[in-house]
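Asker: With the sequence up front, the predicted model follows.
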Amino acid sequence: METLLITWEIGPERYEAVDHYCPGCGRKVKFQDSLKRRRNANGKKVYEYAIYKCERGHTWNRLLDRYGAKNYIEDGGSVDLTTDTSSLVEIIQIKECLRKGFTEIEISIKKIEGSWRLDKLLAYNFEGISRSRIEKMIKSSRILVDNETVKSKTTVKEGQKILFSLT
């Protein structure tokens with residue numbers, strides 16, 4: 001039984017201040033990243049906005065690139081789960097994991113910012129499996145958090161380990 005060990009760091013980055021027109025101030029002013037984020041989801045696409053504020057507290061929502069978990073292979077080796085040959089994997093492909101002989105995936109949550117439900121986090125970062133299928137796997141104890149059965153709506157926290165059985 002082969003286990004793929006992955007560490008996830010999930011969260012926003014701080015972006016540089018931006019000169020932008022502020023309708024409240026009536027001129028171009030400097031907007032600072034407040035580190036607050038707003039997410040809108042549409043099926044598998046997740047749009048994330050950084051909320052910027054000017055000196056007077058007016059807000060502007062800047063569309064950011066979609067972000068997800070960054071997966072680092074623990075042993076430092078190069079495991080090709082996508083067409084990329086680097087050890088950094090953006091989206092985990094279930095079929096490739098099975099083809100390479102992995103029967104389990106163990107995910108360590110090193111850092112997490114924001115609130116992420118277990119089922120949505122896994123559906124967002126795994127290709128080839130739906131959220132409803134993930135919910136069924138959680139109910140049947142094929143997905144465990146810290147070796148315990150949890151609900152699919154459980155909020156994922158820093159330091160937790162998620163064990164995902166592929167067989």
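Answerer: Looks like it arrived, so ask away.

Asker: C-alpha only now, for contacts and for neighbours.
Answerer: OK.

Asker: got a list of contacts for stretch 99-106?
Answerer: With C-alpha atoms under 8 Å, 6 or more residues apart in numbering as the test, stretch 99-106 has contacts from 1-6, 97, 161-167.

Asker: Mind listing what's buried along that stretch?
Answerer: Residues of stretch 99-106 classed as buried: Phe102, Thr103, Glu104, Ile105, Glu106 (neighbour count, 16 or more other C-alpha atoms under 10 Å).

Asker: and it, average pLDDT?
Answerer: For stretch 99-106, mean pLDDT rounds to 91.

Asker: As PDB, could you dump the C-alpha coordinates of it?
Answerer: Output of stretch 99-106 as PDB, limited to C-alpha atoms (Å, rounded to 0.1, in the frame of the first residue of the first chain):
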ATOM      1  CA  ARG A  99      -1.900   4.600 -12.200                       C
ATOM      2  CA  LYS A 100       1.200   5.300 -10.200                       C
ATOM      3  CA  GLY A 101       0.200   2.800  -7.600                       C
ATOM      4  CA  PHE A 102      -0.900   5.100  -4.800                       C
ATOM      5  CA  THR A 103      -3.800   3.800  -2.700                       C
ATOM      6  CA  GLU A 104      -3.800   6.600  -0.100                       C
ATOM      7  CA  ILE A 105      -3.100  10.300   0.000                       C
ATOM      8  CA  GLU A 106      -2.100  11.800   3.300                       C
END
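
Asker: and the buried residues of stretch 99-106, which of them are in strands?
Answerer: Using DSSP state E, Phe102, Thr103, Glu104, Ile105, Glu106 are the members of the buried residues of stretch 99-106 that sit in strands.

Asker: tell me what the longest strand seen in the chain is packed against?
Answerer: Identified as the longest strand of the chain according to DSSP E is strand 27-42. Here strand 27-42 touches strand 18-22, strand 45-53, going by 3 or more C-alpha pairs under 8 Å, 6 or more residues apart in numbering; DSSP states H and E.

Asker: That one to strand 45-53, inter-axis angle?
Answerer: Note on geometry: by axes from the mean of the first three to the mean of the last three C-alpha atoms, to 10 degrees, strand 27-42 and strand 45-53 are set 150 degrees apart in direction.

Asker: Go ahead and name everything in contact with strand 27-42.
Answerer: Strand 27-42 has contacts (C-alpha under 8 Å, 6+ apart) with 12-22, 46-55, 60.
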